[in-house]
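[1] give me coordinates for this.
(one chain, ligands or ions: 1)
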Amino acid sequence: MNILDKITLDKKKEVALRKSLIPISQLEQSVLFNRNTLSLANNLRHSTTGIIAEHKRRSPSKSVINNTLNVHDVASGYENAGVCGMSVLTDGKYFGGSLDDLLLARASCNLPLLRKEFIIDEYQLLEAKAYGADVILLIAAILSKEEIKKYSEFAKSLNLDVLLEVHNEEELHKSIMPSLDMLGVNNRNLKTFDVSLETSKQLSELIPNDFVKVSESGISNVNAIKELQPYGYKGFLIGENFMKTDNPGENATKFIKDLK
Ligand SMILES: O=P(O)(O)OC[C@@H](O)[C@@H](O)c1c[nH]c2ccccc12
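    So this is what the prediction gives:
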């Protein structure tokens, strides 16, 4: 079984238990449930830099990235750096994240927040909303066309932006639909962990221009972004390059200054 199948299987068990612990009616009582969400897609459309900075403690491909930081410092550091949005890993088992990380990020900054999660159930979208997210990620590799449609339409009804992630042409073809805001190309193959910016370059022309194009993973310097911008990318999701340092916010500040 590949790692993605394993993560998905674990996630199904986890979500079943979560549902039994906190009913939907309780999620809907969160004060965050009725807040006005922020649009990452709009921020990216109007930005010349387009950085989405991620909070990621560890990953299956890299094990530990950073275990000493706290979410508050990272979120306010990213905000001061002038990023367009922040991505918060909420998967515990493989990435060391949690919904509490999302809540802490919400309490610490006014950036659009992406719940970075393996979404396999509508319940997780209600959780995203209740814990302060503005954007959700849907991963084409683990969802059918019907599921992508169902979850993205449900997200839109909750006023959440939708970022749909693909890694190849087949995933892209099954995914294109009006209920998505942003199309992300993951430069990392989630089954093998191989990273190549060529993936973004190759898929760019197949993405219709009504979607904001986002390039994800393996972006470790400003030149990578300069290389991708001519292909129409407006958003750049960066995790490890910022998180591996003692001060991700300071790092992002320098990065954005060099990019301008
Ligand atoms: O740390 P990187 O290489 O900059 O990558 C960030 C982000 O793209 C990556 O964490 C990611 C992209 N898609 C995902 C799906 C699930 C978990 C994680 C991810």
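[2] who's in contact with the nearest residue to residue 24 once chain neighbours are set aside?
    Counting by C-beta to C-beta, 6 or more residues apart in numbering, residue 24 lies nearest to residue 126, which is 5.8 Å off, once chain neighbours are set aside. Placement of C-beta: from N, CA and C, glycine included. Taking C-beta atoms under 8 Å, 6 or more residues apart in numbering, we find residue 126 in contact with 24, 27-28, 158.
[3] ok, and of the residues you listed, which contact the ligand?
    Residues of the contacts of residue 126 in contact with the ligand (C-beta under 6 Å from any ligand atom): none.
[4] who wins for most neighbours among these?
    In terms of neighbour count, residue 27 stands highest of those at 19 neighbours, by other C-beta atoms under 10 Å.
[5] for the nearest residue to it once chain neighbours are set aside, what are its contacts?
    Computed as C-beta to C-beta, 6+ apart, the closest residue to residue 27 that is not its neighbour in sequence is residue 130, at 4.1 Å. Applying C-beta under 8 Å, 6+ apart, we find residue 130 in contact with 27-28, 30, 32-33.
[6] was I right about residue 108 contacting residue 78?
    No - between residue 108 and residue 78 no contact is recorded; they are 9.5 Å apart, counting by C-beta atoms under 8 Å.
[7] the two: who's more crowded?
    residue 78 (29 against 19).
[8] which residues touch that one?
    Contacts of residue 78 by C-beta under 8 Å, 6+ apart are 53, 86, 109, 111, 242, 248-249, 252.
[9] quick revisit: quick one: the residue nearest to residue 27 and residue 246, what's the gap?
    32 Å (C-beta to C-beta, to the nearest Å).
[10] you'd agree residue 82 is up against residue 256?
    Yes - contact criterion C-beta under 8 Å: residue 82 and residue 256 qualify, at 5.5 Å.
[11] run a quick neighbour tally on the residue of the chain found nearest the ligand.
    Nearest to the ligand, among the residues of the chain, is residue 239, at 2.8 Å (C-beta to the nearest ligand atom). Number of residues near residue 239 (other C-beta under 10 Å) recorded here: 24.
[12] one step back: pull up the overlap in contacts between residue 82 and residue 256.
    Both residue 82 and residue 256 are contacted by residue 49, under the criterion C-beta under 8 Å, 6+ apart.
[13] which one of these two has more residues nearby?
    Per other C-beta under 10 Å, whichever of residue 82 and residue 256 has more neighbours is residue 256, with 20 against 15.
[14] look at the more buried one and report its pLDDT.
    pLDDT, residue 256: 98.
[15] cool, the one 3 residues further on as well?
    Predicted confidence (pLDDT) at residue 259: the value is 97.
[16] gap between it and residue 6?
    36 Å.
[17] still on that earlier bit, can I get the contacts of residue 78 in CSV including pLDDT and secondary structure?
    Converted to CSV, the contacts of residue 78 look like this (pLDDT from 0 to 100; DSSP: H, G, I helix; E, B strand; the rest coil):
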residue, pLDDT, secondary structure
53, 98, strand
86, 98, strand
109, 98, coil
111, 98, coil
242, 98, helix
248, 98, helix
249, 98, helix
252, 98, helix
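[18] check those residues against the ligand, which are close?
    Applying C-beta under 6 Å from any ligand atom to the contacts of residue 78, none is adjacent to the ligand.
[19] okay if I get those as JSON lines plus distance to residue 137 and neighbour count?
    Converted to JSON lines, the contacts of residue 78 look like this (distance: C-beta to C-beta, whole Å; neighbours: other C-beta atoms under 10 Å):
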{"residue": "53", "distance to residue 137": "15", "neighbour count": "30"}
{"residue": "86", "distance to residue 137": "13", "neighbour count": "30"}
{"residue": "109", "distance to residue 137": "19", "neighbour count": "21"}
{"residue": "111", "distance to residue 137": "16", "neighbour count": "24"}
{"residue": "242", "distance to residue 137": "18", "neighbour count": "27"}
{"residue": "248", "distance to residue 137": "20", "neighbour count": "27"}
{"residue": "249", "distance to residue 137": "22", "neighbour count": "20"}
{"residue": "252", "distance to residue 137": "20", "neighbour count": "25"}
